[in-house]
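Engineer: generate a structure from the sequence data that follows.
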Amino acid sequence: MYQQGAGEVFKDGTQHEAAEIARLSSFVGATAVGDIVKTTLGPKGMDKILLGGRPGCEDTVRVTNDGATIMKSMGVDNPAAKILVDISKVQDDEVGDGTTSVAVLASELLREAEKLIAAKIHPQTIIAGWRKAKDVAVKTLEESAIDNGKNEELFLKDLENIAATTLSSKILAQHRDYFTRLAVDAVLRIRTLGDIQAIQVIKKLGGTLADSFLDHGFLLNKTIGVNQPKRIEKAKILIANTGMDADKVKVFGTRVRVDGTAKVAELEAAEKDKMKEKVAKIAAHGINCFINRQLIYNYPEQLFADAGIMAIEHADFEGVERLGLVLGGEIVSTFDQPHLVKLGSCDLIEECMIGEDRLIRFSGCHRREACSVVIRGATEQILDEAERSLHDALCVLSQTLKDKRTVYGGGCSEIAMSQAVSRLAAETPGKESLAIEAFATALRSIPTILSDNAGYDSADLVAKLRAAHTRGEHTMGLDMYNGTIGNMVDLGVTESFKVKLQVVLSAEEAAEMILRVDNIIRAVPRKRDRDGRH
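Structural biologist: Numbering: from 1, shown residues only. A predicted model of the protein is given here:
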């Protein structure tokens, strides 16, 4: 129930939720978000159709089971739900995968907290118990982690297993083996660089997912200018972000009045002379290829062709940044000091055909690790989801190159952590033990949801899994394809230690933050003036 302007402290229109009402609102919002995304968890998870969600794209249809994508598109209004959306974004930016798991675990923690609050246990007592439980869970995860970094053969197998496990819940699951090798090959190329930006992902409509491939050059989805060289060896490349349009007076609000058409011709000639001078400055850098983020109009394009320089226009900003990285050049805007400019280089630039489209391939780049993945597919929705799936796999693999430890998936790690946390609860006196046990219950909810999403008997499977771990079989997890429990070593279900660690830490922090709230105050929206300004 809202208290309008409680005690005449707040302005009219301010909404104030206090104590239990505020806490209940937070619990409802967080658990609602968790319930929406939890059906997408695991290899048998379901997809969601997202309509619109972006300005100007109201008719856009996206089909996905990526947690971060779903939550970014939901447009939630509840403050607690917004916190879960934010931690999912952070998880995506930090490690690339586990976006659904982190939201589900946080919502399950809050579901358990709601029961404890109803039993008159203070939030600070719950938080104290959770912190102890988190420390034990992290310690257990670290003890169960395996590091094969010193054994190249075993580490390569780990990378393949991690990629296969990540892709098993995505649209690429039907071609899992093929895309696993493709992702591992791409990431191993950037092993020394360690920057995933060196891998360009290009989507091309047509064919099937199985027609996707890894190109060992860097592909740019643009075309070469008219009458310009279509192939250049030993290329020297200037990458720029500058205006190359010769038909605009570049002063805002300028008006030019002339008393005859001859004057207009003089203005055009002056503009052309200015552009000719600019092209001459660019050519003075000793280059044979010019790449510009902005448009290149017909006249400067003709000048570049006359000078024998390949000109590539409208390379979007991300493309220009990436080109600067892989070609070893700097992005410049002025051309008066050629000796200070760092040019990019590669062995060969040429046009190539993919489907019915022409692209530009840069081979033998300054950064030899650079490569491109071309994804083919029947519809835009398939291409978009395949790109998201592959991006997740590439991110997780690149993180594994930095922290080579791995843990077993299939609910194995969650059960191991919950068992350790339950032992701590049994040893802890007082009400904190209830909060610690609640943390263990939330961890066990992950394998429960995995089983439910596959249509299996979750109560039976999780009970068997707990019994196996109690017997000391610490590599046992859920075999999602046969509806039983199995050895994760034999099944090759491996996950990155860093992803799993980040899920536990982020979920606990988010749940703790929401649990601390005892007042929600919504400020009065600022009124618009008559002229439309705030």
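Engineer: just the helices from the stretch 301-450 of the chain, written as ranges.
Structural biologist: For the stretch 301-450 of the chain, the helices defined by DSSP state H, counting those that start in this stretch occupy 317-327, 380-402, 412-427, 432-453.
Engineer: export the ones you listed to a markdown table and tack on mean pLDDT, distance to residue 279 and mean neighbour count?
Structural biologist: (Glycine included, C-beta is placed from N, CA and C.) Shown next, in a markdown table, are the helices of the stretch 301-450 of the chain (pLDDT from 0 to 100; distance: least, CB to CB, whole Å; neighbours: other CB atoms under 10 Å):
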| stretch | mean pLDDT | distance to residue 279 | mean neighbour count |
| --- | --- | --- | --- |
| helix 317-327 | 78 | 19 | 19 |
| helix 380-402 | 89 | 37 | 21 |
| helix 412-427 | 93 | 60 | 22 |
| helix 432-453 | 93 | 60 | 23 |
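Engineer: which one of these lies closest to residue 212?
Structural biologist: helix 380-402 (7.5 Å; CB to CB).
Engineer: which other helices and strands contact the closest one?
Structural biologist: Where contact means 3 or more CB pairs under 8 Å, 6 or more residues apart in numbering; DSSP states H and E, helix 380-402 is packed against strand 61-64, helix 152-167, helix 176-189, strand 199-205, strand 371-377, strand 494-496, helix 497-515.
Engineer: for residue 91, which of the ones you listed is the nearest?
Structural biologist: Using CB to CB, these put helix 497-515 closest to residue 91, at 5.9 Å.
Engineer: report all helices and strands that the closest one contacts.
Structural biologist: Right, helix 497-515 is packed against helix 19-37, helix 79-94, helix 99-118, helix 123-144, helix 380-402, strand 405-408 by 3+ CB pairs under 8 Å, 6+ apart.
Engineer: make CSV out of the helices and strands packed on helix 380-402 and add mean pLDDT.
Structural biologist: As requested, the helices and strands packed on helix 380-402 are exported to CSV (pLDDT from 0 to 100):
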stretch, mean pLDDT
strand 61-64, 84
helix 152-167, 90
helix 176-189, 90
strand 199-205, 87
strand 371-377, 89
strand 494-496, 90
helix 497-515, 91
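Engineer: most neighbours per residue, which of those?
Structural biologist: strand 494-496 (a mean of 27; mean count of other CB atoms under 10 Å).
Engineer: distance to residue 223 for the helices and strands packed on helix 497-515 - can I get that in JSON lines?
Structural biologist: JSON lines is the format used below for the helices and strands packed on helix 497-515 (distance: least, CB to CB, whole Å):
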{"stretch": "helix 19-37", "distance to residue 223": "41"}
{"stretch": "helix 79-94", "distance to residue 223": "33"}
{"stretch": "helix 99-118", "distance to residue 223": "36"}
{"stretch": "helix 123-144", "distance to residue 223": "50"}
{"stretch": "helix 380-402", "distance to residue 223": "20"}
{"stretch": "strand 405-408", "distance to residue 223": "43"}
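Engineer: distance to residue 467 added to the helices and strands packed on helix 380-402, as JSON lines?
Structural biologist: Converted to JSON lines, the helices and strands packed on helix 380-402 look like this (distance: least, CB to CB, whole Å):
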{"stretch": "strand 61-64", "distance to residue 467": "36"}
{"stretch": "helix 152-167", "distance to residue 467": "24"}
{"stretch": "helix 176-189", "distance to residue 467": "30"}
{"stretch": "strand 199-205", "distance to residue 467": "44"}
{"stretch": "strand 371-377", "distance to residue 467": "43"}
{"stretch": "strand 494-496", "distance to residue 467": "23"}
{"stretch": "helix 497-515", "distance to residue 467": "23"}
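Engineer: which one of those lies nearest to residue 388?
Structural biologist: Comparing those by CB to CB, strand 61-64 comes nearest, at 6.4 Å.
Engineer: partner strands of the closest one and their direction?
Structural biologist: If you go by DSSP bridges, strand 61-64 pairs up with strand 48-51 (antiparallel).
Engineer: just to revisit the earlier point, go through the helices and strands packed on helix 497-515 and name the closest to residue 431.
Structural biologist: Checking the helices and strands packed on helix 497-515 against residue 431 by CB to CB gives helix 123-144 as the closest, at 5.2 Å.
Engineer: shaky segments in the stretch 251-400 of the chain?
Structural biologist: Applying pLDDT under 70 to the stretch 251-400 of the chain picks out residues 251-254, 317-319.
Engineer: what distance do you get for residue 134 to residue 423?
Structural biologist: Distance, residue 134 to residue 423, by CB to CB, to the nearest Å: 15 Å.
Engineer: try residue 123
Structural biologist: Plainly put, residue 123 is 25 Å away from residue 423 if you go by CB to CB.
Engineer: cool, residue 46 as well?
Structural biologist: Noted for residue 46: a distance of 35 Å to residue 423, by CB to CB.
Engineer: residue 414 contacts residue 449, correct?
Structural biologist: No: contact criterion CB atoms under 8 Å: residue 414 and residue 449 do not qualify, at 10.2 Å.
Engineer: run a quick neighbour tally on the residue lying closest to residue 147 once chain neighbours are set aside.
Structural biologist: Leaving aside its chain neighbours, residue 147 sits nearest to residue 405 (4.9 Å; criterion: CB to CB, 6 or more residues apart in numbering). Using other CB atoms under 10 Å, residue 405 has 19 neighbouring residues.
Engineer: which ones are touching residue 405?
Structural biologist: Shown in contact with residue 405 (CB atoms under 8 Å, 6 or more residues apart in numbering): 145, 146, 147, 496, 497, 498.
Engineer: quick one on the thing from earlier: now the helices of the stretch 301-450 of the chain in a markdown table, with distance to residue 61?
Structural biologist: As requested, the helices of the stretch 301-450 of the chain are exported to a markdown table (distance: least, CB to CB, whole Å):
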| stretch | distance to residue 61 |
| --- | --- |
| helix 317-327 | 24 |
| helix 380-402 | 6 |
| helix 412-427 | 34 |
| helix 432-453 | 23 |
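Engineer: out of those helices, which comes closest to residue 141?
Structural biologist: Nearest of the helices of the stretch 301-450 of the chain (CB to CB): helix 412-427, 6.1 Å.
Engineer: just want the angle from that closest one to helix 497-515.
Structural biologist: In terms of direction (axes from the mean of the first three to the mean of the last three CA atoms, to 10 degrees), helix 412-427 departs from helix 497-515 by 50 degrees.
Engineer: which strands or helices does helix 412-427 pack on?
Structural biologist: The contact analysis (3+ CB pairs under 8 Å, 6+ apart) places helix 412-427 against helix 123-144, helix 432-453, helix 458-470, strand 476-479.
Engineer: redo these as CSV? Include distance to residue 301.
Structural biologist: Shown next, in CSV, are the helices and strands packed on helix 412-427 (distance: least, CB to CB, whole Å):
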stretch, distance to residue 301
helix 123-144, 58
helix 432-453, 55
helix 458-470, 64
strand 476-479, 60
